[in-house]
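# What shape does this take:
(chains A and B)
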Amino acid sequence: MAVRVRAAPSPTGSLHIGGVHTFLFNWLNARHEGGEFRLRIENTDTGREVVEAVEQIQESLRWLGLDWDGPVTFQLDRAERCRIEARRLVEEGKAYEDEGAIRIRMPDEGVTGWEDLVRGRIEYPNEKLEDLVAIRSDGRPTYNFASPVEDWLDGITHVIRGEDHISNTPKQIKILEALGAPMPEYAHLANIFGPDGRKLSKRHGAVGVDEFRAEGYLPDALVNFLALIGWSYDDRTEIMTRDELIERFTLDRVGASPGVFDYVKLADLNGKYLRALPPDKYADALVGYLRERGYEWDEDRVRRTAPLVQEKITRFGEYPIFAGFFFDGMPQPDPALLDPEVLAAAHEALAEVEPFDVSSIEQALRAMADRLELKPRQAFQPVRVAVTGSTVSPGLFESLEVLGRDESLARITAAGKA
RNA sequence: GGCGCAUUCGUCUAGUGGCCUAGGACACCGCCCUCUCACGGCGGCGGCACGGGUUCGAAUCCCGUAUGCGCCUCCA
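Numbers count the residues shown, from 1 in each chain, chains lettered A, B, ... in the order given. As a prediction, this is how the structure comes out:
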């Protein structure tokens, strides 16, 4: 039977990165098996629904490059079918009415178990199962009823979800049995926590997909990083393209222990992706990012500076602070770092440089350092601070060239007066 | 509290009874490169939660303990 999986996010806000992880594993499994991947919105809890979130979720998935098959479905649209099935179960004596609600009978003895694709055999004592509400007294189906009913209706073969659903699984198995529906395979993924071991939340850093996007991460890097939490290909391979991920992903290599979301490692991986980009692609992506973030900086200059920062920044979000001095973002230089004598010499040297390009600038500045009997760093640092406003910057000679003679001299003069 | 799940360097992980003197990556430390910062190169620090078994042999299997997490809602 062809594999068919689903992801079922709740439309309660921006797509959470933990949800993306689950989504990704479902997607990888489906694509690896040549199966289908469905997107279902679990909007049973109408009170918490955020309408814009439905569109936002899809936009986030498109950005991530994770596609789904068929139309997006909504749990609420199947409410009537759920009621019909519940009434059928009442007629069959498998459920009963209770203060306007419909409850499913759960057995009192024995165990309910399944072969979890990630964890192996899991068994639950039936005496722990309460008769669960399938239809609320207001007529809306509960999640625990609607979810298995929809899995059945959609012909879902593999339910891959977070481990917080483990204790729901025996209930849902019982519902499926009562319904006379075929049993899907279950795989429960480990949760992802913050660096402090607590549930990943806002105070750890970015948690919503749009936040990672805003900080300038590449979707490919994010996907690659997420794939590596709870799954690995072997003992050394980390960087993998989407196709490689799809080719290599199998559920039997998925681990059961919880993972910590390491922002530092994500940054490292993103940096590797950024550096591996061909220069023109890098510039395109950078320009696109800045435009999306609302910067109205000269595109040609952004493109010229792109190669100067490619080796140095780890995500596009660092560009404005690292390279903002090329535009309007130069911080006030620290006077303590400005050596008037050096600045005067640099001004003099640069005024005569012809042509005003990297190699001539370097030649002139090094000659100046020799004249002043200064080590390169002693001679260049004041100039760097004067021109970029910071002790940390892209290459000095390259930066001067991009700035041009007039702008460079003006900044050196301004700093000399300070 | 009950039930369930989990437990290899700080973090992500490799490991499915001998290949393990436990491998890789991130982080950290040192050195090299160097105009700053990065990148890159080289080296280092650092782990099988604990206790019992089983076995000729256990990180790997079993039991117990501890710890963490999840669920126990007419939330999802």
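
# In three-state terms, label residue A:272 for me.
Using DSSP: H, G, I helix; E, B strand; the rest coil, the structure places residue A:272 in helix.

# can you pull the contacts of it?
If a contact means C-beta atoms under 8 Å, 6 or more residues apart in numbering, then residue A:272 has A:221, A:239 as its contacts. Placement of C-beta: from N, CA and C, glycine included.

# Can you read off the pLDDT for residue A:329?
Confidence at residue A:329, expressed as pLDDT, is 75.

# Residue A:55 now?
88.

# Same question for residue A:418.
61.

# Surely residue A:212 and residue A:206 touch.
Yes. In this structure residue A:212 lies within contact range of residue A:206 using C-beta atoms under 8 Å: 5.1 Å.

# Just want to know which of those two has more residues nearby.
residue A:212 (27 against 18; other C-beta atoms under 10 Å).

# looking at this, that one is in a helix?
Yes. Per three-state DSSP, residue A:212 lies within a helix segment.

# what sits against it?
Contacts of residue A:212 (C-beta under 8 Å, 6+ apart): A:17, A:206, A:222.

# So which of the residues you listed would count as near RNA strand B as well?
Among the contacts of residue A:212, no residue lies close to RNA strand B (C-beta under 7 Å from any atom of the strand).

# what touches both of residue A:212 and residue A:206?
In contact with both residue A:212 and residue A:206: residue A:17, using C-beta under 8 Å, 6+ apart.

# Tell me where the stretch 51-200 of chain A has strands.
A:73-74, A:95-98, A:101-104, A:111-116, A:120-125, A:133-135, A:158-162, A:185-189, A:192-193 (DSSP state E, counting those that start in this stretch).

# Can you tell me which of the ones you listed is packed in deepest?
Most buried of the strands of the stretch 51-200 of chain A by mean neighbour count (mean count of other C-beta atoms under 10 Å) is strand A:133-135; its value is a mean of 23.

# Can you list the neighbours in contact with that strand?
Contacts of strand A:133-135 (C-beta under 8 Å, 6+ apart): A:82-83, A:86, A:89, A:95, A:98, A:101-104, A:141-142, A:144-145, A:175.

# which bits of the stretch 1-150 of chain A sit near RNA strand B?
A:8, A:10, A:42, A:44-45, A:48, A:75, A:98-101, A:119-120, A:122-125, A:128, A:130, A:132-133, A:136-138, A:140, A:142-144.

# same question, the stretch 151-300 of chain A
A:163-168, A:190-191, A:193, A:195, A:197-199, A:228-232, A:234-236, A:238, A:252-253, A:255-260, A:262, A:264-265, A:268, A:271-272, A:275.

# What about the residues of the stretch 1-150 of chain A next to RNA strand B, which are in helices?
Among these, the members found in helices (DSSP state H) are A:143, A:144.

# ok, so what distance separates residue A:86 from RNA strand B?
Note on residue A:86: its distance to RNA strand B, by C-beta to the nearest atom of the strand, to the nearest Å, is 12 Å.

# hang on, isn't that residue packed against residue A:145?
Yes. Applying C-beta under 8 Å as the test, residue A:86 and residue A:145 come out as touching, 7.0 Å apart.

# ok, now which ones touch residue A:337?
Per C-beta under 8 Å, 6+ apart, neighbours of residue A:337: A:381, A:382, A:385, A:391.

# Hmm, residue A:336 and the second one touching each other?
Looking back up the chat, that one is residue A:382. No. Under the criterion of C-beta under 8 Å, residue A:382 makes no contact with residue A:336, lying 10.4 Å away.

# hmm, back to that, quick one: common contacting residues for residue A:86 and residue A:145?
A:104, A:134, A:135.

# Who does the last one form a beta bridge with?
Partner residues in beta bridges with residue A:135: residue A:102, residue A:141, with DSSP bridges as the criterion.

# re earlier: residue A:86 and residue A:145: who's more crowded?
With neighbours defined as other C-beta under 10 Å, residue A:86 and residue A:145 compare such that residue A:145 has more, 29 against 26.

# Do you know the pLDDT at that one?
95.

# Just give the nearest non-adjacent residue to it, would you?
Excluding the flanking residues, the one nearest residue A:145 by C-beta to C-beta, 6 or more residues apart in numbering is residue A:134, at 3.7 Å.

# repeat for residue A:183
In space, residue A:183 is closest to residue A:176, 6.0 Å off (C-beta to C-beta, 6+ apart).

# my guess is the one you found meets residue A:147, correct?
No. Using C-beta under 8 Å, residue A:176 makes no contact with residue A:147, being 10.3 Å away.

# now the closest residue to residue A:329 other than its chain neighbours: how far from residue A:328?
Distance criterion C-beta to C-beta, 6+ apart; nearest residue to residue A:329, sequence neighbours excluded, is residue A:320 at 6.1 Å. Distance from residue A:320 to residue A:328, counting by C-beta to C-beta, to the nearest Å: 10 Å.

# Residue A:239 now?
In terms of C-beta to C-beta, residue A:239 sits 36 Å off from residue A:328.

# more crowded one of these two?
For residue A:239 versus residue A:328, the count of surrounding residues by other C-beta under 10 Å is larger for residue A:239: 13 against 9.

# pretty sure that one is in a helix, no?
No. Looking at residue A:239 with three-state DSSP, it is coil, so not inside a helix.

# Okay, and the residue lying farthest from the centre of chain A sits in which element?
Residue farthest from the centre of chain A, counting by C-alpha atoms, centre = their mean, is residue A:371 at 52.1 Å. Element membership for residue A:371, per DSSP states H and E: helix A:358-372.

# I'd like to know which elements that helix is packed against.
helix A:340-352, helix A:376-388, helix A:396-403 (3 or more C-beta pairs under 8 Å, 6 or more residues apart in numbering; DSSP states H and E).

# can you list those in CSV and add distance to residue A:287, mean pLDDT and mean neighbour count?
Output for those, formatted as CSV (distance: least, C-beta to C-beta, whole Å; pLDDT from 0 to 100; neighbours: other C-beta atoms under 10 Å):
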stretch, distance to residue A:287, mean pLDDT, mean neighbour count
helix A:340-352, 29, 96, 18
helix A:376-388, 21, 96, 20
helix A:396-403, 15, 98, 21
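
# Please look at residue A:75 and residue A:39 and confirm they touch.
No. Judged on C-beta under 8 Å, residue A:75 makes no contact with residue A:39 at a distance of 11.7 Å.

# one step back: now for the residue nearest to residue A:329, how many residues are close by?
Neighbours of residue A:320 (other C-beta under 10 Å): 15.

# what about it, helix or strand, and which?
Assigned by DSSP H and E, residue A:320 belongs to helix A:319-323.
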